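Peer 1: how would this look folded up:
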Amino acid sequence: MKEQEIQRIKALAGQNPFAKYIGMELVEVDEGYAFGRINFERQHENIYGGMHGGCAYSLADTVSGIAAATYGTYVTTLNASMNYLLPVENTNYVNCRARVVRHGRRISVFSIKITNDEEQVLIDGNFTFYNLSKEMA
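Peer 2: Numbers count the residues shown, from 1 in each chain. Purely as a prediction, here's the structure:
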């Protein structure tokens, strides 16, 4: 992927109001891949002190959507499945990596892994996206 395209995607991701609200930082992007993270803070917690599952889902949905958009068109989530394997707690950063499983003309599937500072997998899952056939600006 060309550096110009990577910068365009990073700029577009930086305009996402909800990603800004949860404090998501986009760290790395390449074709079919994205790595984003959240600095885990009190406002992300549930009543047990771990990250709220909805916050983790939002991180995964956003990062995998960015990975899907690396093919040049806007996408929307069709389906998602996440396995909450371990609590998201006692970590500075909550990291999410999304990788393409299959990129099709209309439908694409991405796997996600959410890890802690030690790269221990806390959550894994899959996201399916529909290609809206509208080129990214």
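
Peer 1: now the worst-scoring helix or strand of the chain on mean pLDDT: buried residues?
Peer 2: Within the chain, no helix or strand scores below helix 3-13, which has a mean of 85 by mean pLDDT, DSSP states H and E. Applying a neighbour-count criterion of 16 or more other C-beta atoms under 10 Å, one finds 8-9, 13 buried in helix 3-13. All C-beta atoms are positioned from the backbone trio N, CA, C, and that covers glycine.

Peer 1: can you list those in TSV and add distance to Tyr74?
Peer 2: Formatted as TSV, the buried residues of helix 3-13 follow (distance: C-beta to C-beta, whole Å):
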residue	distance to Tyr74
Arg8	13
Ile9	11
Ala13	12
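
Peer 1: and the residue nearest the centre of the chain, helix, strand or coil?
Peer 2: Centrality entry for the chain: nearest residue to the mean C-alpha point is Val63, 1.7 Å, by C-alpha atoms, centre = their mean. Following DSSP: H, G, I helix; E, B strand; the rest coil, the label given to Val63 is helix.

Peer 1: per-residue confidence at it?
Peer 2: Turning to Val63, the model gives it a pLDDT of 98.

Peer 1: for Leu85, same thing?
Peer 2: The model's pLDDT for Leu85 equals 98.

Peer 1: report how many residues lie close to it.
Peer 2: 14 (other C-beta atoms under 10 Å).

Peer 1: what does the one 5 residues further on give?
Peer 2: Number of residues near Asn90 (other C-beta under 10 Å) recorded here: 11.

Peer 1: what sits closest to it if chain neighbours are left out?
Peer 2: Distance criterion C-beta to C-beta, 6 or more residues apart in numbering; nearest residue to Asn90, sequence neighbours excluded, is Asn116 at 7.4 Å.
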